[in-house]
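**Q** Whatever this is, show me its structure:
(2 chains)
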Amino acid sequence: MRTIIPVENSDTLAAVRGFLKRLLEADVVDALLVPMETPSGTITPALVADPDLLDAANPLAPVMGLNAARVAGHVSIREPRGRIGVVLRPCELRALVELVKLKQASLDDMVTIGVDCLGTYDVAVYNAMRANPSAGSGQAGVDVRALWATAQSGELAPQEGYAFRDACQMCERPHVEEADITLELFGADLTTGVPVTLPDEVAEKLGLTPAPALQAGDDQRAEVVEKVVAARTQVRDARFAEMRQRLEQEGIEGVFAACVRCHNCMTVCPLCYCKTCLFKSPTFEHEPTQYMNWARRKGAYRLPADTMLFHLTRLNHMVLSCVGCGMCTSDCPSELPVGVVFRTIGQQVQEVFDYVPGRSVEEPLPLVTFREDEWMEVGGE
Amino acid sequence: MAETGFEPKIVAFLCNWCTYTGADLAGTSRIQYPPSVRIIRVMCSGSVDPTYVLKPLLDGADGVLIGGCWPGDCHYQSGNYKARRRVIALKEILKNAGFDEERVWLRWISASEGGRFAETVTKMTEFLREKGPNPMRRKWAV
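**A** Below is the predicted model of the structure:
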């Protein structure tokens, strides 16, 4: 069912908080995993069981410090568990789909609540904005109202003087594609209401009825989404072309030359789930004489060793599932374009297997499935 | 730009049930093939993680050969089908990351195909000799 959450006094956030509260009060779920404002004003996901605390919920805050699909996995992976509503951005929803297929999360007893994404800032940028109260209205320094206004037109833009996270700038899937409940920001006048699509039985529990006004405005969202996707795709393709050229010219060892092997990209990747990563295992702790041998053979040997091996292995293990959330780029101390590399190469490899990460839990992961009658020419030469 | 006297080095991951036994047969049948190949026996071509292939390539091996059972013959039913997809992904990644993916070969060689094993190593050696040494051999900053 599609309806509208009414907004009073142009306070969109209060309306969304009210809606989330009702989900707990009406016993739709036992708890909500939702971005919360800490007392110091930063944003973090939290599992909220007390509806009163949802006054601090802020799923509209334009900041992304981590991909919450990871923690959605932690709270759902095995029984017994509660019924949990998870409030996620589109890239987090896609990561969740991949994690379910990797058996690192479960959709059983889970209600996914997707929120269209208008763009996010890195934590450091967001904090700088908050510390600069001259810039905007509403929350000190962050002009959320101006940002929300972009939802209706689809002219997504960051606040003047700041830039969205690199991954967001080239994100061509900022709209919720599949979720149990969708808060449809695109195409909506968020000062008056937030359109929401939800299952009939949930609507019934919440006491919501279909909004007739919405039926006519149906295409509004589709139209705006189309516009946003087109604009973002253009940016994305330009980035891809640029990166392809770099990879051709300098190779991956050129692009990642400044890597310090901190493993941040691996730690923040929502899909890099191995409990003991090969690269944190003793496998790569070599004997001193081994390093000496390598140094003698090549004349010099980069240390820490196996840096390109690390990135190429991660590409092989992860790239087919890469949902483009760009946390790797956001958290790289050397400011390497990790996410762009993954997306650029990912596009090629995903195309080979006709696989779109995060599209559906029904589609098997390309490397765990096969058909006998495919690539028959390979291996027989 | 083949260097004079350049002899390629090939690291081969051969499945225990088919290709390794095939290589054995090549030996017991006294079939001659170049001494360029260093064989590592694995239980299944499906057990070859991309890292196994990447490590020698980055350290300067001129080629990596993965040998498995013909489709339909896998001792574990489907290991070779999975290996096939994994190698296809690996080669696509190598190509896009600026490496020469032609240095990686996947071949189905059965336990009775000693001749095919010798032929494959001969062909691969010639192919790599033509190509020249793996540039990674000289690159220290990787």
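**Q** make it CA atoms for all contacts and neighbour counts henceforth
**A** Noted.
**Q** can you count the residues close to A:V361?
**A** A:V361 has 16 neighbouring residues, counting by other C-alpha atoms under 10 Å in any protein chain shown.
**Q** Residue nearest the middle of chain B, spatially speaking?
**A** By C-alpha atoms, centre = their mean, the mean C-alpha position of chain B lies nearest to B:L65, the distance being 0.2 Å.
**Q** For chain A, which segments are assigned as strands?
**A** For chain A, the strands defined by DSSP state E cover A:2-6, A:31-37, A:43-48, A:84-88, A:110-115, A:181-183, A:193-197.
**Q** partners of the nearest residue to A:F164 once chain neighbours are set aside in the sheet?
**A** In space, and not counting its chain neighbours, A:F164 is closest to A:Y121: 4.7 Å by C-alpha to C-alpha, 6 or more residues apart in numbering or on different chains. When bridges are called by DSSP bridges, A:Y121 pairs up with A:V63.
**Q** re earlier: part of a strand, is the residue nearest to the centre of chain B?
**A** Yes. Under DSSP: H, G, I helix; E, B strand; the rest coil, B:L65 sits within a strand.
**Q** I figured it hits B:A12, correct?
**A** Yes. B:L65 lies in contact with B:A12 (C-alpha atoms under 8 Å); the separation is 4.4 Å.
**Q** what's residue 101 in contact with, if anything?
**A** Chain wasn't specified; assuming chain A. For A:K101, the contact set (C-alpha atoms under 8 Å, 6 or more residues apart in numbering or on different chains) comprises A:361, A:364-365.
**Q** not what I meant, chain B
**A** Taking C-alpha under 8 Å, 6+ apart as the contact definition, B:E101 lies against B:91-92, B:94-95.
**Q** same question, A:A95
**A** Counted by C-alpha under 8 Å, 6+ apart, A:A95 has contacts A:69, A:270-271, A:322-323, A:357-358.
**Q** Looking at those, which is nearest chain B?
**A** Nearest to chain B among the contacts of A:A95 is A:C322, at 13.4 Å by C-alpha to the nearest C-alpha.
**Q** Skipping its backbone neighbours, what lies nearest the closest one in space?
**A** A:P357 (6.5 Å).
**Q** So what does that neighbour have for phi and psi?
**A** Dihedral pair for A:P357: phi -60, psi 140, per degrees, to the nearest 10.
**Q** What residues are bridge-paired with whichever residue of chain B sits closest to chain A?
**A** Nearest residue of chain B to chain A (C-alpha to the nearest C-alpha) works out as B:R107 at 4.0 Å. Beta-bridge partners of B:R107, counted by DSSP bridges, are B:G67.
**Q** I'd like the average pLDDT over the longest helix seen in chain A.
**A** Of all segments of type helix in chain A, defined using DSSP state H, the longest is helix A:212-255. Averaging pLDDT along helix A:212-255 yields 90.
**Q** Equivalent analysis for stretch B:82-91, please.
**A** The average pLDDT for stretch B:82-91 rounds to 98.
**Q** what does stretch A:297-304 give?
**A** In this model, stretch A:297-304 has a mean pLDDT of 92.
**Q** what's the span of that stretch, first residue to last?
**A** 17 Å (C-alpha to C-alpha, to the nearest Å).
**Q** What about residue 74, how many residues nearby?
**A** Since you didn't name a chain, this refers to chain A. Neighbours of A:H74 (other C-alpha under 10 Å): 13.
**Q** that's the other chain; I wanted chain B
**A** Residues lying near B:C74 (other C-alpha under 10 Å) number 20.
**Q** SS state for the closest residue to it other than its chain neighbours?
**A** Ranked by C-alpha to C-alpha, 6+ apart and with sequence neighbours excluded, the top spatial neighbour of B:C74 is B:N80, at 6.2 Å. Classification of B:N80 by three-state DSSP places it in helix.
**Q** Export stretch A:22-42 to CSV, keeping only CA atoms.
**A** The C-alpha trace of stretch A:22-42 is given here as CSV (Å, rounded to 0.1, in the frame of the first residue of the first chain):
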residue,chain,number,x,y,z
ARG,A,22,4.6,3.7,15.6
LEU,A,23,6.4,0.6,14.3
LEU,A,24,7.6,-0.2,17.8
GLU,A,25,4.4,0.9,19.6
ALA,A,26,2.1,-1.1,17.2
ASP,A,27,4.3,-4.1,17.7
VAL,A,28,5.3,-4.5,14.1
VAL,A,29,8.9,-5.1,15.3
ASP,A,30,10.6,-5.6,18.7
ALA,A,31,13.4,-3.2,17.9
LEU,A,32,14.7,-0.9,15.2
LEU,A,33,18.2,-0.7,13.9
VAL,A,34,18.4,2.9,12.9
PRO,A,35,20.9,5.8,12.7
MET,A,36,20.8,7.7,15.9
GLU,A,37,22.1,11.1,17.0
THR,A,38,24.5,10.6,19.9
PRO,A,39,24.4,13.3,22.7
SER,A,40,27.5,14.8,21.1
GLY,A,41,25.6,15.2,17.8
THR,A,42,27.4,12.5,15.7
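**Q** Please list the residues of chain A that sit near chain B.
**A** A:244, A:247-253, A:257, A:298-302, A:305-309, A:312-313, A:315-316, A:345, A:348-349, A:352, A:366-372, A:378-381 (C-alpha under 8 Å from any C-alpha of the partner chain).
**Q** OK, contacts around the residue in the stretch 151-300 of chain A that chain B sits nearest to?
**A** Using C-alpha to the nearest C-alpha, A:G251 is the residue of the stretch 151-300 of chain A that sits closest to chain B, at 4.4 Å. Taking C-alpha under 8 Å, 6+ apart, we find A:G251 in contact with B:97-99.
**Q** From B:Y52, how far out is B:K123?
**A** Distance from B:K123 to B:Y52, counting by C-alpha to C-alpha: 22 Å.
**Q** I should have written A:P90 there, sorry.
**A** Counting by C-alpha to C-alpha, the gap from A:P90 to B:Y52 is 35 Å.
**Q** Pretty sure A:T112 sits against A:D180.
**A** Yes. The criterion here is C-alpha under 8 Å, and A:T112 meets it with A:D180 at 5.1 Å.
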